[in-house]
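Student: I need the structure of the sequence given here:
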Amino acid sequence: MGEISCTNGINNWSEANGKGHSSTLNGYRKSCWYEEEIEENLRWSFALNSILHTGETQYQDIALLDTKPFGKALVIDGKLQSAEVDEFIYHESLVHPALLHHSNPKTIFIMGGGEGSTAREILRHKTVDKVVMCDIDEEVVEFCRSYLVVNREAFCDPRLQLVINDARAELENKEESYDVIIGDLADPIEGGPCYKLYTKSFYESIVKPRLNPGGIFVTQAGPAGIFSHTEVFSCINNTLRQVFKYVVPYSAHIPSFADTWGWVMASDTPFTLSADEIDLRMKQRIKGENKYFDGKTFTSVSTLSKAVRRSLDNETHVYTEGTAKFIYGYGHASAYKHNQA
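Tutor: All right, here's what the predicted structure looks like:
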């Protein structure tokens with residue numbers, strides 16, 4: 001749940017005068033803030049330069065904000081999805097581990113990804129021949145194509161095939177298979193459109209059969225901080241362990257999210273690359289230079305803290321439609337009902 005507020009407030013500041021004293025000037029100013037309720041008793045807010053666009057689609061509420069600390073920020077259903085200054089951390093972490101661990105990734109399927117940043121990072125790989133980006137919400141895709149200048153080149157790349165459909169239906173009804181399937185989905189929130197794409201049945205009966213031999217699946221898996229990882233990260237990891245032989249959870253701090261974020265990579269082929277081998281493949285395959293990800297970084301982000309490792313080892317919850325877990329918040333479908341409660 002996110003909220004934008006503009007208020008006339010007192011601007012207080014003090015400056016030391018070098019003698020152990022301070023002087024304070026008070027003045028009135030108009031300030032706009034974005035506030036996101038992360039938990040019932042915890043909110044995260046930051047100042048705005050302006051509100052660039054807000055809208056409502058069939059599936060989600062969307063907003064593009066120009067924030068003071070993080071640049072342009074995309075907000076969907078009151079949850080910050082990405083911010084200009086640090087989205088590279090999320091998207092490099094989502095894309096490059098899977099593509100680099102694959103021996104020769106040519107065909108990639110993105111579930112979601114309407115923002116275009118995941119496609120942008122995939123298309124930097126020289127081996128890639130085809131990327132199918134399947135997002136259910138055409139208005140969000142067109143919104144991002146229009147407003148997020150950094151991804152316009154990716155949207156124009158002839159290797160990118162844009163499909164407006166439910167990712168489950170698209171994978172289920174087409175015979176095509178892929179080297180890597182990437183889940184760049186919104187978080188599983190109550191009333192949101194995506195939670196069914198985190199279930200064991202989906203992974204087992206739809207995702208896995210659409211992977212080529214040696215194929216890799218990777219998904220964003222929600223907050224993964226020392227306290228927040230038990231919301232969905234640990235059970236998504238455990239669910240994938242029921243379906244694939246080899247599963248690697250990893251996480252990284254993303255400043256604009258105010259938390260550590262998690263991803264889970266899975267395959268029936270072992271992940272055996274060393275940090276040096278990852279770096280070599282990066283030099284051979286990727287155009288341009290990563291800002292965040294390299295071999296040593298992957299060693300670091302896939303080495304979870306003792307507390308989180310223990311939780312993941314002891315997790316027994318399997319994500320199904322009947323036993324779904326959600327992060328804090330409410331999707332478009334349930335927001336009105338919640339607000340009237």
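
Student: what segments of the stretch 151-300 of the chain are strands?
Tutor: With DSSP state E, counting those that start in this stretch applied, the stretch 151-300 of the chain shows strands at 160-164, 178-184, 211-223, 246-254, 259-267, listed in chain order.

Student: make TSV from those and add distance to Phe143 and mean pLDDT to it.
Tutor: (Glycine included, C-beta is placed from N, CA and C.) Formatted as TSV, the strands of the stretch 151-300 of the chain follow (distance: least, Cβ to Cβ, whole Å; pLDDT from 0 to 100):
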stretch	distance to Phe143	mean pLDDT
strand 160-164	13	97
strand 178-184	16	98
strand 211-223	20	98
strand 246-254	22	98
strand 259-267	23	97
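
Student: compare these and give me the one nearest Val85.
Tutor: Nearest to Val85 among the strands of the stretch 151-300 of the chain is strand 246-254; the distance by Cβ to Cβ comes to 10.4 Å.

Student: what comes into contact with the closest one?
Tutor: 86, 89-90, 93, 97, 221, 224, 229, 233, 237, 240-241, 259-271, 292, 298, 301-302, 304, 308, 312 (Cβ atoms under 8 Å, 6 or more residues apart in numbering).

Student: just the buried members of the residues you listed?
Tutor: Applying 16 or more other Cβ atoms under 10 Å to the contacts of strand 246-254, the neighbour count classes 86, 89-90, 93, 97, 221, 224, 229, 233, 237, 240-241, 259-267, 269, 271, 298, 301, 304, 308, 312 as buried.

Student: can you map out the helices along the stretch 151-300 of the chain?
Tutor: Using DSSP state H, counting those that start in this stretch, the helices assigned to the stretch 151-300 of the chain run over residues 152-156, 167-173, 200-202, 233-241, 275-285, 295-301.

Student: can you put those in CSV and add distance to Gln58 and mean pLDDT?
Tutor: Shown next, in CSV, are those (distance: least, Cβ to Cβ, whole Å; pLDDT from 0 to 100):
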stretch, distance to Gln58, mean pLDDT
helix 152-156, 21, 95
helix 167-173, 16, 96
helix 200-202, 22, 97
helix 233-241, 26, 98
helix 275-285, 38, 98
helix 295-301, 36, 98
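
Student: for Pro209, find the nearest of those helices.
Tutor: Short answer: helix 167-173, nearest of these by Cβ to Cβ, at 8.6 Å.

Student: list the buried residues for the closest one?
Tutor: Using 16+ other Cβ under 10 Å as the test for burial, helix 167-173 gives 167-168, 170-171.

Student: where in the chain is pLDDT low?
Tutor: Within the chain, the segments meeting pLDDT under 70 span 1, 5-30, 330-341.

Student: and the top helix by length along it, how far out from the chain middle?
Tutor: Criterion DSSP state H: the longest helix present in the chain is helix 87-101. Chain-centre distance of helix 87-101: 11 Å, with Cα atoms, centre = their mean, to the nearest Å.

Student: and the nearest residue to Leu99 once chain neighbours are set aside, what does it touch?
Tutor: Closest residue to Leu99 apart from its sequence neighbours, by Cβ to Cβ, 6 or more residues apart in numbering: Pro105 at 4.8 Å. Neighbour list for Pro105: 98-99, 125, 127-128, 179-180, 216 [criterion: Cβ under 8 Å, 6+ apart].
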